[in-house]
Structure formats: structure tokens, C-alpha cells
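Novice: Pasting a predicted model and its sequence here:
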Amino acid sequence: MKASVRHHGKVTVVDLSGKITIGDGDIKLREAVNALLDEGRKAVILNLHGVSYMDSAGIGELVACYKRAAEKGAKLKLLNPGGKVQDLLILTRLQEIFEIFRDEREALTSF
Amino acid sequence: MGQTVKLKLSSRITYVDLVHQMTEDLARRAHFPKPAALDLALAVREAFINAVKHGNAMDEGKSVEVEFERNASRFLVAIRDEGSGFDPSQTADPRANENLERTSGRGIFFMKSFVDEVSFQRRRGRGMEVMLVKNLAPAGRSTEESGGKR
């Protein structure tokens, strides 16, 4: 998995690509989000457009990132989950926890 | 008589991608559509992770066996560990309101969601066997009959 970071004022977008799975993607996701939270960033969008799939460890890490952000007074939102990832978010009912956007501009102005 | 492929791997999480890729490739060769092949691979992935982590307790001296069998109507994958096993009936429902924000505990739920049949059998003195079955029959019919799985 690859993660690249863009800043739009106070909002940070993390473009993720590849798969978020045990032992690789889950660790990179944790490191990317932790680094932003440690910098004091309070508004983070994970762009899932390029993510092909996640396993239970990847889903678990997504939830862990959401909780760590909340503990630090930050907000983590999701952008553009694709077919399989969207299916997984619905299957696990996590779409009820996360704010999920289809349009990046709308996501950026939502904070 | 079906075609059988068997893998025996030491208990290392790093092998999960190999097992996933092999599952997807074999399923594609068995004429599964790409999404169904990915579903089967995701279920096998979770069973392999469970076998390494909970079955064999990450003991690299113990093995995980993955056996693939394809016949005319379905694709079967058996994942066997050598550990003292885990109790699949003790897993909480990850879709229950109180569990939604849990960071673990979705592995068995994923297995059950992505294939048509899942069974667990504790083998006396020889660990656990998880059997995953995905039907090769016309996707819409077989999947709907087995509880809405894709």
C-alpha cells in the first residue's frame, strides 16, 4: 500500500492506493495517520479511491485510526471508497460510524 | 474426481499474501468471475491468519496446511493448523452496536460472508480444520440460496 499526503489549508488528504491488509497496509496506514496526528493535524481525509480491498486487519486499523483521531480531538473522514471497499464498509456497518464522501470538495468543506 | 493442490507452510503471517494469490489464481482457473475469486481469497486469507495467530499461536515450528479441491460444482479449501485451536462459537457479532468500534474480531465474520459454507472441525490431537466452500453453480442462484453471500 502507498500513502501520499496533500494539505489543503487546515485539512489533510491522504491518498491511499493498493491493499490495506495485515502486516503491510495496516502498518503503513497506522504510521501515516499517527504522523499527522502527532503534527497536530485535526482534519484528515483518507482517500480510498485507489484501495482495491482490505482484510479484517485493515478494517480494524481503519477503526483504530478513527478512535485515535477522536482521542486527540481530530476528525477522520473517508473519501471515495471503491467497489470492494465500499462493500466491506457496508457489510461491517462502518458506514454508520464514518462520514463518507464522494466529492472531495464537499469533504474538504465539511470540517 | 476433483483436482487437488496442497500447501504446507510454517506459521508465518507473511505467507498470507502467497496463500491469497494462489487462491485467487486457482479460483480464476476454475472459471470464477473476478469478484467471486477475490471473495474466496479473502475468506481463505482470514482462515490462514486465524490458523497462524490463534491456532498455532505464532509458533513457527508448527505448520498450516492449505488444501484446495475443485470439482464440477464447487471449490473447497481446507485450512488446518496444529495448535490447541480456537472456539469459533465464542466470537462476538461484529455488527452488533456495541462491537462496531472494535478493532478486531471480524475474521470469522468475513469468512462466513464471502463463501457459501464454512465449517469448523476440531481434529483430536491435531488442531483445527476450517473448511470453506464456494459454489461454482450459476452465481446468482447458489449465492442467494446460501444466505445472500456474494
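Specialist: Right, received. Where do you want to start?

Novice: contacts and neighbour counts: CA atoms only from here.
Specialist: Will do.

Novice: was I right about A:G58 contacting A:D24?
Specialist: No: taking contacts as C-alpha atoms under 8 Å, A:G58 lies outside contact range of A:D24: 9.2 Å.

Novice: more crowded one of the two?
Specialist: A:G58 (24 against 14; other C-alpha atoms under 10 Å in any protein chain shown).

Novice: Which helix or strand contains the more buried one?
Specialist: helix A:56-71 (DSSP states H and E).

Novice: again, but for B:V64
Specialist: Following DSSP H and E, the helix or strand that holds B:V64 is strand B:63-70.

Novice: ok, now B:E46?
Specialist: helix B:34-50.

Novice: Could you list the buried residues of that helix?
Specialist: B:36-50 (16 or more other C-alpha atoms under 10 Å in any protein chain shown).

Novice: picking that back up, neighbouring strands for the strand holding B:V64, and are they parallel or not?
Specialist: strand B:3-10 (antiparallel), strand B:74-80 (antiparallel) (DSSP bridges).

Novice: Could I get these in a markdown table, plus columns for mean pLDDT?
Specialist: Shown next, in a markdown table, are the strands paired with strand B:63-70 (pLDDT from 0 to 100):
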| stretch | mean pLDDT |
| --- | --- |
| strand B:3-10 | 95 |
| strand B:74-80 | 97 |
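
Novice: what's the closest residue to chain A within chain B sitting at in phi/psi?
Specialist: Taking C-alpha to the nearest C-alpha as the measure, the point where chain B comes nearest chain A is B:T103, at 4.1 Å. Here is the backbone geometry of B:T103 (degrees, to the nearest 10): phi -90, psi 0.

Novice: repeat for the one 10 residues further on
Specialist: Taking degrees, to the nearest 10, you get phi -80, psi -30 for the backbone angles of B:S113.

Novice: quick one, what contacts residue 78?
Specialist: Here I'm looking at chain A. A:I45, A:L46, A:N47, A:L48, A:F98, A:E99, A:I100, A:F101 (C-alpha atoms under 8 Å, 6 or more residues apart in numbering or on different chains).

Novice: my bad, chain B
Specialist: B:E65, B:V66, B:E67, B:F68, B:E129, B:V130, B:M131, B:L132.

Novice: Let's see that with 6 Å instead.
Specialist: The contact partners of B:A78, by C-alpha atoms under 6 Å, 6 or more residues apart in numbering or on different chains, come to B:V66, B:E67, B:V130, B:M131.

Novice: surely the first one meets B:L7?
Specialist: Yes: because the distance of 5.1 Å satisfies C-alpha atoms under 6 Å, B:V66 is recorded as touching B:L7.

Novice: ok, and which of the strands paired with strand B:63-70 has the densest surroundings?
Specialist: Counting by mean count of other C-alpha atoms under 10 Å in any protein chain shown, strand B:74-80 has the highest mean neighbour count of the strands paired with strand B:63-70, with a mean of 22.

Novice: Would you mind measuring from B:Q90 to B:F109?
Specialist: 12 Å (C-alpha to C-alpha, to the nearest Å).

Novice: ugh, wrong one, B:E117
Specialist: Taken as C-alpha to C-alpha, the span from B:E117 to B:F109 is 12 Å.

Novice: What of A:E71?
Specialist: For A:E71, the distance to B:F109 - C-alpha to C-alpha - is 28 Å.

Novice: ok, these two, which is more surrounded?
Specialist: B:F109 (20 against 10).
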